[in-house]
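Undergrad: After the sequence you'll find the predicted model.
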Amino acid sequence: MAHVTPALQPVVPATAGLRILFVVSAHNSLSQRALVALRGLGHDVTVAIVDSGAAVEAAVDRHRPELIVCPMLKTIIPERVWRRHRCLVVHPGPPGDRGPSSLDWAIELGMDEWGVTVLEASDVLDGGDVWAARTFPMRDGSKSHLYRHEVRRAAIDAVIEAVGAIAAGRHAGEPQLSGLARPPLRQAERAIDWETDSTETVVRRIRAADSHPGVLDTIAGLEFHLFGVHQEDQLRGAPGAILARRHGAICRATADGALWISQLKRPGHFKLPATRALELADRRVDVPEVEAPPTGRSLREITYEERRGVGYLHFDFYNGAMSTDQCWRLLDALRQARRRPTGVLVLMGGPDFFSNGIHLNVIEAADDPAAESWRNLLAIDEVVREVVETDSQLVVSALTGDAAAGGVPLALAADRVLAREDVVLNPYYRHMGGLYGSEYWTYLLPRRIGPDLTGRLTSAPFEPVGAQRADELGLLDATFGATAEEFGAGVRRYAERLAHDPGTPGRLAEKRRRRALEERLKPLSAYRREELARSHECFFGADPSYHEARHRFVYKR
């Protein structure tokens, strides 16, 4: 294809901010981070979530942008749009790679290096002019994990470069069509043969399909998509057999070992903890519930470690959602950690998410979703209160991944809040049918940023807050580290210095004094009572908005 420069695009001076329209199938972690980055550079960015070519055209006609950016789009951009407007597409593959299953194939084929390309939409799928590209080394991990880290960092760098070039009036590079036009990775290629496939093969297949679409498989005569795989070093059995349960996950034997599958999804339904999905399909598994071994590879949602006077509590829940059961288990782990002879306790969350609050999928699948919503909110409130009332240690929240909804006040319950520089916060509930929320947010947010800013952040239209901006606002105490590894090393240095600082006992005494004063002014129980009264109305009142919004959310509608 010849180089095409759309005739309707004006040359914009480098100093001018562009009027940009994000056209996305979902406003996911990448598009949120890209929005934060471009707004930070002075561009005017609006987001349109679309599900068809007609919806793309309508959004463009409505907003009349100077530039269209598609960070995550599954719909074909109509020719009428890309002929008249410059459209940048973020493709999760290196220059020349083409097709909708790029990252899936990279994991399936065991590629050593992969990349991200920002290119211009044209009549060749993923074959337009290249505006920017980045590469990165591949490592073991699921598609969703790589997407939220390596792909996201590379994509943001490339998008900033491409938009900057357009704002400066520069031109793109010529299209590079020498790479592979990869077909969609279908279920036939993803299929697992439990009798012959090695554990390594099965793990790679499920990782390559994580987040979407999952690996289609059969369990007890019914089809399920598999997600959330963890290797297992000790359990063994007949290939394909389900060997054990642990906290909603199932352990399944392979030809040469075993692995854990944490999530299942019936076709046409939504993801759930594996044992719950089987129960709802009338396929209960009669296998023992087993504890995680102290060493070796296995499924561990909650782990604790100590080093140089610091306790580190990791809680890695799938997609950051915390069910009632997970909250109670985390509360128990917190109480045990409080009893340890440490000076600092670090809440690590997981590598992809710190926390996203209550578990909407589990709630949707409950016999009584309103009652389960209530139970889940009460349970996460207990976790937050435990953090607030911890006075035996200084508590540090360390956000390697994003936080949203109730996960934000959970992080803010700590004495210090640190975040990786790529993290995005969403301290917002209202998109879920006007849900008021709890987690003591009416106490925790104002004590950091004041009542006025709290009101703007929690009542304005849904807007993500990047780590740098959150630091400036006072939501965070420090941001550092481009990668999870860099951030983790910085957290350890920070926590160990704090633990061995001669001033830490005085800080603990001041923490107790301040908490006692605040309790006298307004008890925590009063904040909780007020919040829960509002949430109770959302759950049990006449207005069904919360239940309708939750239903749309879990079914991706």
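TA: That came through, no problem.
Undergrad: Could I get the full set of helices for the stretch 301-450 of the chain?
TA: Remark: helices assigned in the stretch 301-450 of the chain by DSSP state H, counting those that start in this stretch are 324-338, 360-364, 369-388, 407-412, 441-459.
Undergrad: tell me what the third one is packed against?
TA: In this structure, helix 369-388 packs against helix 324-338, helix 360-364, helix 407-412, helix 524-540, helix 545-554, with contacts taken as 3 or more C-beta pairs under 8 Å, 6 or more residues apart in numbering; DSSP states H and E. Every residue, glycine included, has its C-beta placed from N, CA and C.
Undergrad: Kindly export that helix (C-alpha atoms) in PDB.
TA: Taking Å, rounded to 0.1, in the frame of the first residue of the first chain, the C-alpha atoms of helix 369-388 are listed here in PDB:
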ATOM      1  CA  PRO A 369     -27.100 -11.000  45.100                       C
ATOM      2  CA  ALA A 370     -28.300  -8.200  47.400                       C
ATOM      3  CA  ALA A 371     -27.600 -10.200  50.500                       C
ATOM      4  CA  GLU A 372     -24.200 -11.300  49.100                       C
ATOM      5  CA  SER A 373     -23.300  -7.700  48.200                       C
ATOM      6  CA  TRP A 374     -24.000  -6.800  51.800                       C
ATOM      7  CA  ARG A 375     -22.000  -9.600  53.200                       C
ATOM      8  CA  ASN A 376     -19.100  -8.800  50.900                       C
ATOM      9  CA  LEU A 377     -19.100  -5.100  51.900                       C
ATOM     10  CA  LEU A 378     -19.200  -6.000  55.600                       C
ATOM     11  CA  ALA A 379     -16.200  -8.300  55.200                       C
ATOM     12  CA  ILE A 380     -14.100  -5.800  53.300                       C
ATOM     13  CA  ASP A 381     -15.000  -3.200  55.900                       C
ATOM     14  CA  GLU A 382     -13.500  -5.500  58.500                       C
ATOM     15  CA  VAL A 383     -10.200  -5.700  56.600                       C
ATOM     16  CA  VAL A 384     -10.000  -2.000  56.200                       C
ATOM     17  CA  ARG A 385     -10.700  -1.400  59.900                       C
ATOM     18  CA  GLU A 386      -8.000  -3.900  60.900                       C
ATOM     19  CA  VAL A 387      -5.500  -1.900  58.900                       C
ATOM     20  CA  VAL A 388      -6.600   1.400  60.300                       C
END
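Undergrad: How far off centre is that helix?
TA: Centroid separation for helix 369-388 versus its chain: 21 Å, with C-alpha atoms, centre = their mean, to the nearest Å.
Undergrad: What of stretch 398-405?
TA: With C-alpha atoms, centre = their mean as the basis, the mean position of stretch 398-405 lies at 8 Å from the chain mean.
Undergrad: Stretch 42-57 now?
TA: 22 Å.
Undergrad: picking up where we left off before, which of the helices and strands packed on helix 369-388 is buried the deepest?
TA: helix 407-412 (a mean of 28; mean count of other C-beta atoms under 10 Å).
Undergrad: now that one, how far from the centre of its chain.
TA: Per C-alpha atoms, centre = their mean, the centroid offset for helix 407-412 relative to its chain is 15 Å.
Undergrad: contact partners of that helix?
TA: Outside of helix 407-412, the residues within contact range by C-beta atoms under 8 Å, 6 or more residues apart in numbering are 320, 322, 347, 349, 353-357, 380, 383-384, 387, 397, 399, 403, 417, 425-427, 439-441, 444-445, 448, 475.
Undergrad: Please write out the alpha-carbon positions of that helix in PDB.
TA: Extracted in PDB, the C-alpha atoms of helix 407-412 (Å, rounded to 0.1, in the frame of the first residue of the first chain):
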ATOM      1  CA  GLY A 407      -9.400  -1.200  46.700                       C
ATOM      2  CA  VAL A 408      -8.400   2.500  46.900                       C
ATOM      3  CA  PRO A 409      -9.600   3.100  50.500                       C
ATOM      4  CA  LEU A 410      -8.100  -0.200  51.400                       C
ATOM      5  CA  ALA A 411      -4.700   1.100  50.300                       C
ATOM      6  CA  LEU A 412      -5.200   4.500  52.000                       C
END
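Undergrad: quick one on the thing from earlier: just the contacts of helix 407-412: which are in strands?
TA: 347, 349, 353-355, 397, 399, 403, 417, 425-426 (DSSP state E).
Undergrad: Distance-wise, check the nearest residue to Leu453 once chain neighbours are set aside relative to Leu377.
TA: Using C-beta to C-beta, 6 or more residues apart in numbering and skipping residues adjacent in sequence, the residue nearest Leu453 is Leu473, 6.5 Å away. Distance, Leu473 to Leu377, by C-beta to C-beta, to the nearest Å: 26 Å.
Undergrad: When these two are compared, which one has more neighbours?
TA: Remark: of Leu473 and Leu377, Leu377 carries more neighbours, 28 against 15, as counted by other C-beta atoms under 10 Å.
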